[in-house]
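K.L.:
with the input below, show me the fold.
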Amino acid sequence: MKKIISDVCQRQWPEYMTGAAQQNYLKAELGILEAAAQGYSHWYIDGSLPGERPADWTIDRIEALQETISTLGVRPIYHGNFKAPLGSDVRELGRAALDYIKREVDLSASLGGAPVIVHGGGIVEPRLVVEARRLGLTMLIDNLGELVEYARHKNVEIWLENLSNYTKFHPFYYICVTGDEYAEVLGRVPGLKLFFDVSHAHVNDGDPVEVFKKLHQHVVGMSFSDNKGERDSHFPLGRGSLDYLGLVEAIHQCEWKGLIGFETRGSTLSDSLAYLNDVGARMTGKVA
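P.N.:
Alright, predicted model coming up:
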C-alpha cells in the first residue's frame, strides 16, 4: 500500500524533482511513517531535537530504524543541530562544534550513509560585529574542510544549509547568510554541497532567485517554504511573498534537478505539489 501511494504521488512531481523530503519535527520513528503515508521519498531526522542527537541513539534503535527504512523505502537525511557554532568567532567553541558534528556524521554512516545538513552557527553579542563575523566565516571554512574529508571516509555527504540574514533580531548574528558568503565557502571547500533554503535566503529582502542562478551548480537540493521577507515563518507555498514563479523559471533555465525538502507547516506534500505544478503551468502559459 505504501508503494502504491508513493508511485501515485511521484507522478505528480515536477520534472526537476528527483526526490521529496519532509521535515516535520517528529521523533525519527514517527517521522518516517508520516513521510511514507504522504508519499515522500526522504524524511529529516532533526538533530536539534531532544532524543534525536547522537548521544540519544542506541545500537538497538539504529537497527530497528534500519529495518523500517528497508521496509518503507523512505531514506533519511540527518538535519544537523543548527545550534552547533561551527562558525564561531571563538576558536575553542568552533572546534568543539566540529567534534560534535563528527558524531552526527558517525550516526548518519550507521543509518546507511545519510547526508548530513550542517549550518554556519552564530555568534552572540560581539562588540566588533564585522570582525567577529569575519572570524566566524573563516572558522566555518576551516571546520568544513576538515568535516567534508572526515565524512568522505564514512561515505557521507556534507550539505551546507544557509541561514537567515536577520538584521532586526539581535544580540545574535548567524554566519554564512549572503550569496557572496555562500560562494566564498563553496569555493574554498572542495566536495561541499549546498542545500539551499530559499525561505532563509528571502529574509531581509534577499533574492533567492538570483542566488540560485549564480550557485546552482553547487546546489544538491533545496528547502521550500514561504515567508513575507521578515522571518523564517515556514508558511505553506504561496502564503508569503517569495517569487516561486521566478525560481521555477530559473530552475528550468539552468536545467537543474535535485531533491526538494518541504518545511511547510500546516500543508501536505499534495498541497505543495499542486502549488508547484500550478506555478509550472503559469510559467509555460498552460491552464493548470
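K.L.:
strands of the stretch 151-288 of the chain, start to end?
P.N.:
Counting by DSSP state E, counting those that start in this stretch, residue ranges of the strands within the stretch 151-288 of the chain are 158-161, 172-174, 193-197, 219-224, 258-262.
K.L.:
right, and those strands - which one's nearest residue 69?
P.N.:
strand 258-262 (16.5 Å; Cβ to Cβ). Every C-beta, even on glycine, is put in place using the N, C-alpha and C of the backbone.
K.L.:
tabulate the CA atom coordinates of that closest one in PDB.
P.N.:
The C-alpha coordinates for strand 258-262 follow below in PDB (Å, rounded to 0.1, in the frame of the first residue of the first chain):
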ATOM      1  CA  GLY A 258      17.600  17.700  -7.400                       C
ATOM      2  CA  LEU A 259      15.900  16.900  -4.100                       C
ATOM      3  CA  ILE A 260      13.300  19.300  -2.700                       C
ATOM      4  CA  GLY A 261      12.700  19.400   1.000                       C
ATOM      5  CA  PHE A 262       9.400  20.800   2.300                       C
END
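K.L.:
list the buried ones in that strand?
P.N.:
Under the neighbour-count criterion of 16 or more other Cβ atoms under 10 Å, strand 258-262 has 258, 259, 260, 261, 262 buried.
K.L.:
tell me what residue 194 is bridged to.
P.N.:
Using DSSP bridges, the bridge partners assigned to residue 194 are residue 160, residue 219.
K.L.:
does it really touch residue 187, like I thought?
P.N.:
No - assessed by Cβ atoms under 8 Å, residue 194 is found out of contact with residue 187, at 11.3 Å.
K.L.:
just want to know which of these two has more residues nearby.
P.N.:
Taking other Cβ atoms under 10 Å, residue 194 and residue 187 do not tie; residue 194 has more neighbours (23 against 12).
K.L.:
ok, now which ones touch the more buried one?
P.N.:
Listed by Cβ atoms under 8 Å, 6 or more residues apart in numbering, the contact partners of residue 194 are 159, 160, 161, 162, 182, 186, 215, 218, 219, 220.
K.L.:
only the buried subset of these, as a ChimeraX command please.
P.N.:
Burial among the contacts of residue 194 is assessed by 16+ other Cβ under 10 Å; the matching ChimeraX selection reads:
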select :159,160,161,162,182,186,215,218,219,220
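K.L.:
mind putting the contacts of residue 194 into TSV with pLDDT and distance to residue 133?
P.N.:
Formatted as TSV, the contacts of residue 194 follow (pLDDT from 0 to 100; distance: Cβ to Cβ, whole Å):
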residue	pLDDT	distance to residue 133
159	98	22
160	98	17
161	97	18
162	96	15
182	96	14
186	98	18
215	98	20
218	98	22
219	98	24
220	98	26
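K.L.:
now the contacts of residue 194 as a markdown table including distance to residue 112?
P.N.:
A markdown table is the format used below for those (distance: Cβ to Cβ, whole Å):
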| residue | distance to residue 112 |
| --- | --- |
| 159 | 16 |
| 160 | 21 |
| 161 | 21 |
| 162 | 26 |
| 182 | 28 |
| 186 | 26 |
| 215 | 28 |
| 218 | 24 |
| 219 | 23 |
| 220 | 17 |
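K.L.:
out of the contacts of residue 194, who's nearest residue 99?
P.N.:
Using Cβ to Cβ, residue 160 comes nearest to residue 99 of the contacts of residue 194, at 18.2 Å.
K.L.:
what does stretch 266-273 rub up against?
P.N.:
9, 12-14, 20, 22, 38-40, 224, 236-237, 262, 264.
K.L.:
please redo it, this time with the cut-off set to 6 Å
P.N.:
12, 38, 39, 40, 236, 237, 262, 264 (Cβ atoms under 6 Å, 6 or more residues apart in numbering).
K.L.:
state the mean pLDDT of it.
P.N.:
Stretch 266-273 comes out with an average pLDDT of 94.
K.L.:
cool, and stretch 48-55?
P.N.:
If you average the pLDDT values across stretch 48-55, you get 97.
K.L.:
now the end-to-end length of it.
P.N.:
Using Cα to Cα, to the nearest Å, the end-to-end distance of stretch 48-55 comes to 12 Å.
K.L.:
ok, now stretch 151-158?
P.N.:
Span of stretch 151-158 from end to end, Cα to Cα: 7 Å.
K.L.:
show me what counts as buried in it.
P.N.:
151, 156, 157, 158.
K.L.:
the third one touches residue 113, doesn't it?
P.N.:
No - assessed by Cβ atoms under 6 Å, residue 157 is found out of contact with residue 113, at 8.1 Å.
K.L.:
so where's this structure shaky on pLDDT?
P.N.:
Scanning the chain for pLDDT under 70 picks out 1-11, 169, 286-288.
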